[in-house]
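S.K.: here you go, sequence then predicted model.
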Amino acid sequence: MTAESINKEIILEGVDPRELYGAQDAYLELMRELSPKVKVVARGSSLKALGAKRDVEAFERKMNALVEYYQKYGHISREVVAQAFSTGISDCAEPVSDKDTIVFGNNGNIIRARTVNQRKLVDLYEKNDLLFAVGPAGSGKTYTAIALAVKALKEREVRRVILTRPAVEAGEKLGFLPGDMKEKLDPYLQPLYDALNDMIPAAKLQKYLEDGTVQIAPLAYMRGRTLDNAFVILDEAQNTTNSQIKMFLTRMGRNAKFIVTGDVTQIDLPRKSDSGLTRAMDTLRGIDGIGMVEFDKRDIVRHPLVKYIVDAFDKQAAKEESALREAPVVRMPKDRKE
């Protein structure tokens, strides 16, 4: 008796088919090789599977499991496809990783905590709802924070990710710049977009930006909001005033995670003493639920020269400060009455 044949259409929802099929359909060809009893025809986000009912249904289960894997971890590799279509996705439901892995990025890229203080930030995240991460440029503090946010979103710990920074370089008075508000602000927010593009597939990121799952906005837009079920990152916090950082921190709602990042050596405010970041850290240090990590030159993960550049500028600043302290005080003689 011949087994019943069916022609089943499988719709791939919530996933970019190009990511699932692989470059030049390499993953799709592997799926066909591992499902020899099923004829598979792909047209965009639609797959047609023709074969015996039992074989087609098995293929559909494996395909759906693969989509779920992709939606959770944000990447697909040849090894994952092979395992899903041979031993089953249950055996690869948790990707092989080391303890420093934060999240799986695009094209199988693994985002790891690469330095001592990046690891400390990841560890403190598990125990605290508010974190401060301060240190020099290139130390990975913002990138690590965004990786933690993407991880929380993928694992459904939060419903949305909000990234914000003060547009101090533009004085937060952007009317003189061409374009609408998004076009005016995007240059100041580009570093945040760059990090997200490493971790979330382009099509999915665009959807998240459109539906508000991921929001990138200037700090001024946070006023009056209550941020529930959200992972919120304030970047470049050294450029906030005391009242601004207080306003931001008091936006924290239920089931919220906040990370504040900044570099106190790069204050763009008219007076450096106006920065609210160091004041906030001094005020809140020691409170349960608040963690603080101070990055240093050893954490810099950019070009090797960056460490030496930061070190040279730090030494020069210290030299100038010392010279100012040692300079003799010149007292002007008081006017004498004739």
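M.R.: Happy to help now that I have it.

S.K.: counting by contacts, list what the host helix or strand of Ala58 packs against.
M.R.: Here Ala58, judged by DSSP states H and E, is contained in helix 53-73. Contacts defined by 3 or more C-beta pairs under 8 Å, 6 or more residues apart in numbering; DSSP states H and E place helix 53-73 against strand 5-11, helix 17-21, strand 46-52, helix 78-84, helix 141-154. All C-beta spots, glycine's among them, are computed from the backbone N, C-alpha and C.

S.K.: for these, give me TSV that also has mean pLDDT.
M.R.: Formatted as TSV, these follow (pLDDT from 0 to 100):
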stretch	mean pLDDT
strand 5-11	88
helix 17-21	85
strand 46-52	91
helix 78-84	82
helix 141-154	93
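
S.K.: for those, which one sits closest to Leu131?
M.R.: helix 141-154 (7.7 Å; C-beta to C-beta).

S.K.: list the contacts of that closest one.
M.R.: 71-74, 102-103, 111, 113, 117-118, 121-122, 125, 131, 133-135, 158, 160-161, 163, 191-192, 195-196, 199-200, 213-214, 231, 233, 235, 257, 259, 261, 293, 295, 299 (C-beta atoms under 8 Å, 6 or more residues apart in numbering).

S.K.: could I get the phi/psi values of the residue nearest to Ala82 when sequence neighbours are not counted?
M.R.: The shortest distance from Ala82 to any non-neighbouring residue, by C-beta to C-beta, 6 or more residues apart in numbering, is to Leu30 (6.5 Å). Per-residue torsions, Leu30: phi -70, psi -40 (degrees, to the nearest 10).

S.K.: hmm, Leu30 is touching Ser86, no?
M.R.: No: Leu30 lies out of contact with Ser86 (C-beta atoms under 8 Å); the separation is 10.2 Å.

S.K.: and the two? which has more neighbours close in?
M.R.: Leu30 (17 against 11; other C-beta atoms under 10 Å).

S.K.: residue ranges of the helices in the stretch 101-250 of the chain, please?
M.R.: Along the stretch 101-250 of the chain, the segments classed as helices by DSSP state H, counting those that start in this stretch run 116-125, 141-154, 181-199, 202-211, 242-249.

S.K.: which elements pack onto the helix or strand following the shortest one?
M.R.: Yep, that's helix 242-249 we're talking about. Once helix 242-249 ends, the next helix or strand along the chain (criterion: DSSP H and E) is strand 257-262. If contacts are counted by 3+ C-beta pairs under 8 Å, 6+ apart, strand 257-262 sits against strand 130-134, helix 141-154, strand 230-234, helix 242-249, helix 276-284.

S.K.: any idea which of these gets closest to Ala65?
M.R.: Of all the helices and strands packed on strand 257-262, helix 141-154 comes closest under C-beta to C-beta, at 16.3 Å.

S.K.: could I get that closest one in PDB with only the CA atoms?
M.R.: The C-alpha coordinates for helix 141-154 follow below in PDB (Å, rounded to 0.1, in the frame of the first residue of the first chain):
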ATOM      1  CA  LYS A 141      31.000  49.300  28.300                       C
ATOM      2  CA  THR A 142      28.200  50.400  26.000                       C
ATOM      3  CA  TYR A 143      28.600  47.400  23.600                       C
ATOM      4  CA  THR A 144      28.400  45.000  26.600                       C
ATOM      5  CA  ALA A 145      25.400  46.800  28.000                       C
ATOM      6  CA  ILE A 146      23.600  46.600  24.600                       C
ATOM      7  CA  ALA A 147      24.500  42.900  24.300                       C
ATOM      8  CA  LEU A 148      22.800  42.300  27.700                       C
ATOM      9  CA  ALA A 149      19.800  44.200  26.500                       C
ATOM     10  CA  VAL A 150      19.500  42.100  23.400                       C
ATOM     11  CA  LYS A 151      19.900  39.000  25.400                       C
ATOM     12  CA  ALA A 152      17.100  40.000  27.700                       C
ATOM     13  CA  LEU A 153      14.800  40.800  24.800                       C
ATOM     14  CA  LYS A 154      15.500  37.500  23.000                       C
END
